[in-house]
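Student: any chance you could fold what I've pasted below:
(one chain, ligands or ions: 1)
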Amino acid sequence: MKTIDSPIEAVQTVEGWLNNTEGKVLFQLARNCKGRGVIVEIGSWKGRSTILLGHGSKAGSGAKIHAVDPHTGSPQHREAMGEVWTFNEFQRNIKAAGMDDVVVPHVEFSEAAARTFSEPIELIFIDGLHEYEDVKIDFEAWFPKVIEGGTMVFHDSTCWDGVRKVVSDGLFKSKHFRKVRFASSLTYGQKVAHNTWLERVENRVMLCAFLAHALIARLLWRLVHDYLDFPIARALIRRLKGKRVPQVQPSIGV
Ligand SMILES: C[S@@+](CC[C@H](N)C(=O)[O-])C[C@H]1O[C@@H](n2cnc3c(N)ncnc32)[C@H](O)[C@@H]1O
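Tutor: Residues are numbered from 1 along each chain as shown. Below you'll find the predicted structure:
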């Protein structure tokens, strides 16, 4: 049986922003799918998260992963890198990982894909645009397609104000989610027709913990990037992080 570390190791050479903790959670969420719907990913970049979802799916029910991305990057990527086209590298990485039989690429914007997508969704991972209005559009476009008992996951919910607000209002304070949890910058919850009052209390307690966690994460990020951003500190941090993947343009954070 596959151990949890092997899929994580498999994506170490694929550029992306997902850290190992987040990768393990995505893998587990995909593995837990029962096959009652498909898996959707909004924002694939070069396939790092797609491959982890693929490993999880293959270790579980084998549900297809619909990977939605125009592959032209986000505004922050284009600002930093100029013209962006990630589809060729995405395809190469998916094939090299042996995931081309479960991954269905959709080279289009989230909103356009949502208009025509008609399959029930058991798990959706949202990591496209990160401004409030955009994340809210993603949430509202895809929420109705998620089955009862299905899971919505958001990346960068600690560091991006817009994502944090959408998960606070849309998941933690909602009557349609239970078991809302967070890990590193991921926030996820299970969709239900109506949660119970006890589940609402639990979600509110988790919201307090999440907001404290998000505040600490932002303070640490500022400490590292604004005050410790010189060569010796960077070398020390790299050493402390140990094997952690070299992540592309982490300062962009999307
Ligand atoms: C942060 S990257 C995704 C990283 C990826 N999930 C990973 O873990 O490696 C954000 C991606 O969102 C894509 N994107 C930008 N606008 C989008 C939109 N409207 N719909 C879907 N994807 C979008 C960009 O092309 C970019 O590849």
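Student: all contacts plus neighbour counts: C-alpha atoms, from now on.
Tutor: Noted.
Student: can you show me the helices along the protein?
Tutor: Ranges of helices in the chain, per DSSP state H, are 5-10, 20-31, 48-59, 75-81, 87-96, 110-116, 132-142, 161-167, 197-222, 231-241.
Student: what parts of the stretch 101-250 of the chain come near the ligand?
Tutor: The stretch 101-250 of the chain has residues 109-110, 127-129 near the ligand, with proximity defined as CA under 6 Å from any ligand atom.
Student: export the helices of the chain to JSON lines and tack on mean neighbour count?
Tutor: JSON lines is the format used below for those (neighbours: other CA atoms under 10 Å):
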{"stretch": "helix 5-10", "mean neighbour count": "15"}
{"stretch": "helix 20-31", "mean neighbour count": "22"}
{"stretch": "helix 48-59", "mean neighbour count": "26"}
{"stretch": "helix 75-81", "mean neighbour count": "13"}
{"stretch": "helix 87-96", "mean neighbour count": "17"}
{"stretch": "helix 110-116", "mean neighbour count": "15"}
{"stretch": "helix 132-142", "mean neighbour count": "18"}
{"stretch": "helix 161-167", "mean neighbour count": "21"}
{"stretch": "helix 197-222", "mean neighbour count": "16"}
{"stretch": "helix 231-241", "mean neighbour count": "11"}
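Student: I'd like those as JSON lines, with mean pLDDT appended.
Tutor: Below are the helices of the chain laid out as JSON lines (pLDDT from 0 to 100):
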{"stretch": "helix 5-10", "mean pLDDT": "86"}
{"stretch": "helix 20-31", "mean pLDDT": "97"}
{"stretch": "helix 48-59", "mean pLDDT": "98"}
{"stretch": "helix 75-81", "mean pLDDT": "91"}
{"stretch": "helix 87-96", "mean pLDDT": "98"}
{"stretch": "helix 110-116", "mean pLDDT": "98"}
{"stretch": "helix 132-142", "mean pLDDT": "98"}
{"stretch": "helix 161-167", "mean pLDDT": "98"}
{"stretch": "helix 197-222", "mean pLDDT": "95"}
{"stretch": "helix 231-241", "mean pLDDT": "72"}
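Student: can you add distance to Val102 and give the ones you listed back as CSV?
Tutor: Shown next, in CSV, are the helices of the chain (distance: least, CA to CA, whole Å):
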stretch, distance to Val102
helix 5-10, 15
helix 20-31, 12
helix 48-59, 7
helix 75-81, 28
helix 87-96, 10
helix 110-116, 18
helix 132-142, 21
helix 161-167, 28
helix 197-222, 33
helix 231-241, 32
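Student: good, we can wrap up now.
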